[in-house]
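**Student:** I would like the atomic coordinates for the input below:
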Amino acid sequence: MIRPPDTPYGAYGRAQGSALSLRQADSLAFSQAANLLETCCGQGRPALEAALKRNLRLWTQVQRLLAPDSHPLPISLRANLLSLSLFVDRQTVKALISGGAADVRPLIAINREVASGLLG
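**Tutor:** As a prediction, this is how the structure comes out:
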C-alpha cells in the first residue's frame, strides 16, 4: 500500500527509514494491533477501549488508502479488503458496547490473518 508518513501507527513511519519493506511494515502494524487487543482484553474497560480505537484507526487508514480508484491493487482485492474493513467497523462497535473478549477475538483473528497474508 502507498501510505503517507504520518499514520496512526508509528511503525509505518519508522519502517520507511528501516530495512522493512512496506508489506513487512503493514504486517507489523496488524500484528501489533492484534497483540494490543489481546493484551488489553484482561486489563479493564479503559485499556480495551483504547486498543479498540487504535485498531479502528488502523482500519480507517486502510479504507482511506484503498478507496480511490487510482489505487494500484486489483479491484477485486480492494473490494474484499474494504468489505472486511466494514466488518471490522461493525465488530469494533459491538466490542466497544459489550466490552467482552468474545467480541474482540474476531478482530484479533482478522488482524493476525491479514498480517500473515502480507508476509505470505
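**Student:** only C-alpha atoms for contact and neighbour calcs from this point on.
**Tutor:** Noted.
**Student:** so for the top helix by length along the chain, mean pLDDT?
**Tutor:** Counting residues, the longest helix found in the chain (DSSP state H) is helix 75-98. Mean per-residue pLDDT for helix 75-98: 96.
**Student:** in the very next helix or strand once past it, what counts as buried?
**Tutor:** Moving toward the C-terminus from helix 75-98, the next helix or strand (DSSP states H and E) is helix 101-119. Buried residues in helix 101-119, counted by 16 or more other Cα atoms under 10 Å: 103-108, 110-112, 114-115, 118.
**Student:** next: stretch 61-76.
**Tutor:** 61-63, 65-66.
**Student:** which member of the buried residues of helix 101-119 is positioned nearest residue 24?
**Tutor:** Top of the list for closeness to residue 24, among the buried residues of helix 101-119 and by Cα to Cα, is residue 118 at 7.1 Å.
**Student:** that closest one contacts residue 25, doesn't it?
**Tutor:** No - at 9.3 Å, residue 118 and residue 25 do not qualify as touching, with contact defined as Cα atoms under 8 Å.
**Student:** what's residue 42 sitting at in phi/psi?
**Tutor:** Backbone torsions for residue 42, taken as degrees, to the nearest 10, come to phi -100, psi 10.
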